[in-house]
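> all I have is the shape, not the residue letters:
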Ligand code: ACM
């Protein structure tokens with residue numbers, strides 16, 4: 001990429017205001033002076049007191065979009081800098097990623113030019129050693145398995161077979177299953193030696209595949225001998241997991257022979273701890289090409305995770321093609337200096353968009369289901385709909401006062417209105433198309449973070465509340481979500497949502513699965529109310545959170561600091577009362593993308609915590625071992 005002719009550097013001073021102060025310096029690296037320009041930057045640390053700036057004038061803010069102008073008549077000469085300061089922040093900066101994520105200039109002729117940004121510096125900061133996030137680790141058994149199996153009683157051999165091949169009598173289904181894991185391995189490890197061959201090989205070992213109805217559908221058993229391996233499996237998923245285990249064993253032994261070996265005798269007997277072993281990805285805040293999603297699903301399958309929760313819509317963009325409403329993926333995704341949506345969270349002078357066509361979705365669903373990964377799509381409603389409401393103006397109550405409420409992310413009036421009849425017509429059509437695309441049992445409808453006070457300035461909502469005897473925002477939310485649940489039931493789908501779905505009376509708990517993200521305690525409360533629960537607490541399983549307290553550590557911090565060891569050790573069952581444990585369906589990693597501006601950043605934050613959650617999802621508590629995990633996780637594929 002060409003380097004920009006302008007650079008914005010910034011520092012945060014803790015004592016410059018109630019929540020500190022930003023000092024920005026814009027450098028002109030071009031050959032020309034500029035004047036009559038404005039600067040835009042995007043930052044999750046928002047300016048809420050517009051007057052509190054020095055040597056600049058506040059022009060506009062929209063969520064994370066901030067625009068400032070220099071003093072009248074100011075000329076920024078080539079090689080010179082313009083320094084301005086901003087206090088009146090809505091919270092303190094805590095890490096180097098809490099400053100500007102992107103910037104651009106609007107010049108006097110209306111054109112927009114890119115500005116490079118630097119990480120936020122902490123004024124007065126002394127150099128700190130990098131935190132140790134992962135110890136070297138220690139192995140008791142020399143096997144490269146992750147997640148670790150339920151039971152292993154195996155002895156390591158000297159050397160290893162060149163490959164494993166289906167023994168005589170293997171069925172077409174068996175060959176296909178071997179081929180699927182062989183292809184998965186090749187995609188994940190492009191330059192490593194493949195673990196399987198379809199033809200017998202004199203230096204390989206024969207692999208007997210046998211279905212065993214006594215095993216759970218996801219369960220399998222392996223027996224090793226010097227000449228052959230037998231894989232018994234309960235169902236297609238169990239067969240895939242058994243083959244994946246073999247591929248992991250061979251790959252580890254080949255890549256790090258001093259550490260890992262292949263068994264010569266003994267058994268592995270395995271089945272998952274939880275039925276819901278999920279990973280969520282927010283593709284609204286940042287767009288990920290389909291090839292990235294396909295690779296992420298490959299990684300999930302390798303880690304024996306079985307749910308991909310696809311967060312397709314949010315305030316920043318609606319990314320799912322809906323043929324009835326093409327505006328959603330034109331006006332509802334395009335962000336640029338000249339609109340229709342303003343730049344946010346890393347967007348700059350160039351307009352950006354991106355959405356998934358229905359053909360893309362079909363392709364990804366086929367890819368995932370071949371790997372026993374179910375895609376659970378989410379359209380986040382009624383909150384988090386700033387982009388939707390720009391795309392489809394008729395979804396708003398035209399009489400509602402502008403800026404009558406703000407979301408925690410700073411978006412004004414961003415929730416679908418339960419009193420607008422078009423809201424339901426819109427959703428019926430959206431669900432009609434979604435159920436054709438997604439075979440999953442659940443559709444996730446969000447339900448999170450509707451601001452208390454939403455809709456109360458909407459005359460239509462007021463009338464509805466009076467007519468139906470509904471009180472408050474969450475009474476309205478419950479009224480709305482009950483109808484959404486009916487829409488899904490009519491289409492043969494169950495409702496999944498975030499924990500706030502239960503607010504204000506919630507929905508019928510029967511067949512409803514909620515994700516406890518705010519705190520671990522919320523999960524127990526939901527189970528008590530009769531909901532099925534998946535634990536995704538931000539304090540352990542939000543992979544956008546920082547991994548150490550050091551200023552230089554990248555990431556968000558509102559849910560706390562989440563070192564990999566903490567993610568690994570966290571026990572979702574924790575304080576779950578015995579009689580409610582049957583409602584705990586499993587656990588899930590959540591990857592929120594506000595900060596995720598590059599693949600390097602993604603890998604730095606997601607690994608090793610995603611494999612840590614995969615092990616928590618699969619391996620019984622008694623078999624978890626952080627030191628062993630740390631010794632193996634270096635083998636894990638990354639995006
Ligand atoms: C959420 O983090 N708002 C579910």
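Yep, that arrived. All values reported here derive from a predicted model rather than from experimental measurement.
> from here on, contacts and neighbour counts on C-alpha atoms
Noted.
> nearest residue to residue 429 other than its sequence neighbours?
When the adjacent residues along the chain are set aside, residue 429 lies closest to residue 324, with 6.9 Å between them (Cα to Cα, 6 or more residues apart in numbering).
> which element is the closest residue to the ligand within the chain on?
Scanning the chain for proximity to the ligand using Cα to the nearest ligand atom identifies residue 448 as nearest, at 5.3 Å. Counting by DSSP states H and E, no helix or strand carries residue 448.
> wouldn't it be in contact with residue 501 here?
Yes - proximity of residue 448 to residue 501 meets the contact threshold set by Cα atoms under 8 Å, at 6.9 Å.
> more neighbours: those two, which one.
In this view residue 448 and residue 501 are compared by other Cα atoms under 10 Å, and residue 501 has more residues nearby, 28 against 19.
> which SS class is the more buried one?
On the three-state scheme (DSSP: H, G, I helix; E, B strand; the rest coil), residue 501 is labelled helix.
> my guess is it contacts residue 507. True?
Yes - at 7.2 Å, residue 501 counts as touching residue 507 under the criterion of Cα under 8 Å.
> which neighbours do those two share?
By Cα atoms under 8 Å, 6 or more residues apart in numbering, residue 501 and residue 507 have these common neighbours: 478, 481.
> and the residue of the chain closest to the ligand, what is it in contact with?
380, 381, 383, 497, 498, 499, 500, 501.
> swap in residue 152?
Contacts for residue 152 (Cα under 8 Å, 6+ apart) come out as 266, 267, 268, 269.
> let's have those in a markdown table, adding pLDDT, distance to the ligand and secondary structure.
Shown next, in a markdown table, are the contacts of residue 152 (pLDDT from 0 to 100; distance: Cα to the nearest ligand atom, whole Å; DSSP: H, G, I helix; E, B strand; the rest coil):
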| residue | pLDDT | distance to the ligand | secondary structure |
| --- | --- | --- | --- |
| 266 | 98 | 44 | strand |
| 267 | 98 | 41 | strand |
| 268 | 98 | 37 | strand |
| 269 | 98 | 36 | strand |
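> now those residues: which count as buried?
Neighbour-count burial (16 or more other Cα atoms under 10 Å) applied to the contacts of residue 152 gives 267, 268, 269.
> check the contacts of residue 448 one by one and keep those near the ligand.
residue 498 (Cα under 6 Å from any ligand atom).
> given the worst-scoring helix or strand of the chain on mean pLDDT, what are its sheet partners and their directions?
Least confident element among the helices and strands of the chain, by mean pLDDT, DSSP states H and E: strand 53-54 (a mean of 93). For strand 53-54, the pairing partners within the sheet under DSSP bridges are strand 81-86 (antiparallel).
> which parts of stretch 216-229 are buried?
Counting neighbours by 16+ other Cα under 10 Å, stretch 216-229 gives 216, 217, 218, 219, 220, 221, 222, 223, 224, 225, 228, 229 as buried.
> and the stretch 301-450 of the chain, which of its residues are near the ligand?
Where the stretch 301-450 of the chain comes near the ligand, counting by Cα under 6 Å from any ligand atom, the residues are 448, 449.
> can you pull out the helices in the stretch 301-450 of the chain?
Listed in chain order, the helices of the stretch 301-450 of the chain (DSSP state H, counting those that start in this stretch) span residues 358-370, 386-391, 421-437.
> hmm, who's touching the second one?
For helix 386-391, contacts defined as Cα under 8 Å, 6+ apart pick out 314-318, 327-328, 330-333, 340-341, 395-396, 411-416.
> what about stretch 496-507, average pLDDT?
The average pLDDT within stretch 496-507 is 98.
> ok now it, how far from the chain's centre?
21 Å (Cα atoms, centre = their mean, to the nearest Å).
> residues touching the closest residue to residue 273 other than its chain neighbours, list them.
Nearest residue to residue 273 in three dimensions, chain neighbours excluded: residue 618, at 4.7 Å (Cα to Cα, 6+ apart). Under the criterion of Cα under 8 Å, 6+ apart, the neighbours of residue 618 are 147, 148, 149, 271, 272, 273, 274, 277, 304.
> check residue 249 too.
If you count contacts by Cα under 8 Å, 6+ apart, residue 249 has them with 143, 144, 145, 260, 261, 262.
> report the buried members of the residues you listed.
The neighbour-count test (16+ other Cα under 10 Å) applied to the contacts of residue 249 identifies 143, 144, 145, 260, 261, 262 as buried.
> pLDDT score for the first one?
Note on residue 143: pLDDT of 98.
> go on, the last one?
On pLDDT, residue 262 comes in at 98.
> ok, it touching residue 154?
No - counting by Cα under 8 Å, residue 262 sits too far from residue 154 to count as a contact (9.3 Å).
> dump the buried ones among the contacts of residue 249 into a markdown table; add distance to residue 123 and secondary structure as well.
Converted to a markdown table, the buried ones among the contacts of residue 249 look like this (distance: Cα to Cα, whole Å; DSSP: H, G, I helix; E, B strand; the rest coil):
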| residue | distance to residue 123 | secondary structure |
| --- | --- | --- |
| 143 | 47 | coil |
| 144 | 45 | coil |
| 145 | 45 | coil |
| 260 | 47 | coil |
| 261 | 50 | coil |
| 262 | 53 | coil |
